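**Q** coords please:
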Amino acid sequence: GPKQVGKKRSMAGAQDVIVPRNFQLLAELEAAEKGHGDMSISFGLEDPDDMFLSAWIGTILGPQGTPHENRIYSVHITCGENYPDEAPVVRFVSRINMREVDSNGNVTGLPDLQNWTRATGSIERVLVSVREHMASSANRRLQQPQEGETY
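**A** Down below sits the predicted model:
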């Protein structure tokens, strides 16, 4: 007879939460691996076997004409279980002096994180935004730590 095309029932309620989150993160991972976006930033999973796609490492090339020029900054990005409904936690590994970053390297004052929405938020968007803020007039004037220092 005709194949029944019906609604698949998910086995466990937990899957209803995890699947959309992972689809979103897998799409971001795929985009990052293709590298079609902004070439001054890159990101990927810290551990390729991380099934929950939680821990990411990002790289930001310092903007030209700023104290960050020719420097490569590493950031750690944690996507919690409520991502993309909740913003990721972003922390610099490389030492940096900028108004949006606290004394422990946590990115705290970034509008893209503070005003996070599922519709507009992504790891790439956050990294691009951090880089844009590096070049702001307020941050341009700040004395920077020695290159290569970490938190």
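**Q** identify the residues contacting the residue nearest to the spatial centre of the chain.
**A** The geometric centre of the chain, computed from its C-alpha atoms, lies nearest to residue 123 (C-alpha atoms, centre = their mean), at 3.1 Å. By C-beta atoms under 8 Å, 6 or more residues apart in numbering, the contact set of residue 123 is 28, 32, 43, 56, 58, 77, 79, 88. Backbone N, C-alpha and C define where each C-beta goes, glycine included.
**Q** give me the PyMOL select line for those, limited to the buried ones.
**A** This is the PyMOL syntax for the buried subset of these, where burial follows 16 or more other C-beta atoms under 10 Å:
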select buried, resi 28+32+43+56+58+77+79+88
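**Q** the strands in this structure, which residues?
**A** 41-45, 55-61, 72-78, 89-92 (DSSP state E).
**Q** and the lowest mean pLDDT element among the helices and strands of this protein?
**A** When the helices and strands of the chain are scored by mean pLDDT, DSSP states H and E, helix 13-34 comes last with a mean of 75.
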